[in-house]
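*Asks:* Predicted model, plus sequence, below.
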Amino acid sequence: MSCIFCDIVNKVEKAEILFEDESTISFLDIRPLNFGHSLVIPKNHYENFFDVGEKDLNAVISSTQFLANAIKKSLAPDGINIISNNGSSAGQTIYHFHFHIIPRFKNDHFTFRPQYKDYSNGLMQQFADKIRGGIKSFG
């Protein structure tokens, strides 16, 4: 199965590469939410956050922090979103693990409009218990 990000890593597909090191590569998103919207990916293919190995995850996080600081210094945004979409319901469209770094500016007309839920009638404890049960299954 073809992966556009693997093609970028292998220099088969063109991209505006910002930097790369032994484990990661970063490039501008071709469909930016704001100019300077960048992606950081591991050079090894992993479908999503849940699959990425610890060494590559640490490398991607370090590279993401490095690039976010470079974007902050060079573009002077008012803020930065760092996002990883995992699964189609979360908005993932390229199934190669990556972080989006999105510079944010006042009046950029890009908003998240969450509809907050209300934990009522012990629902918070029920969800906490489910999650704690999941944590125990890893131990």
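*Replies:* Arrived safely.
*Asks:* drop to CA atoms for contacts and neighbour counts, all remaining ones
*Replies:* Fine.
*Asks:* In space, not sequence, find me the middle residue of this structure.
*Replies:* The chain has Phe99 as the residue nearest its centroid, 2.2 Å off, counting by C-alpha atoms, centre = their mean.
*Asks:* ok, now which ones touch it?
*Replies:* Leu39, Val40, Ile41, Thr64, Ile82, Ile83, Ser84, Asn85 (C-alpha atoms under 8 Å, 6 or more residues apart in numbering).
*Asks:* For ChimeraX, what selects the buried ones among the residues you listed?
*Replies:* Of those, the buried ones go into a single ChimeraX selection, burial set by 16 or more other C-alpha atoms under 10 Å:
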select :39,40,41,64,84,85
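*Asks:* For stretch 71-91, list every residue counted as buried.
*Replies:* Quick answer for stretch 71-91 (16+ other C-alpha under 10 Å): Ile71, Lys72, Ile80, Ser84, Asn85, Asn86.
*Asks:* same question for that stretch, mean pLDDT?
*Replies:* Per-residue confidence for stretch 71-91 averages out to 96 on the pLDDT scale.
*Asks:* Also stretch 103-112?
*Replies:* pLDDT averaged over stretch 103-112 gives 90.
*Asks:* Need the residues that contact it.
*Replies:* Outside stretch 103-112, the residues that touch it by C-alpha under 8 Å, 6+ apart are 33-37, 71-72, 75, 77-81.
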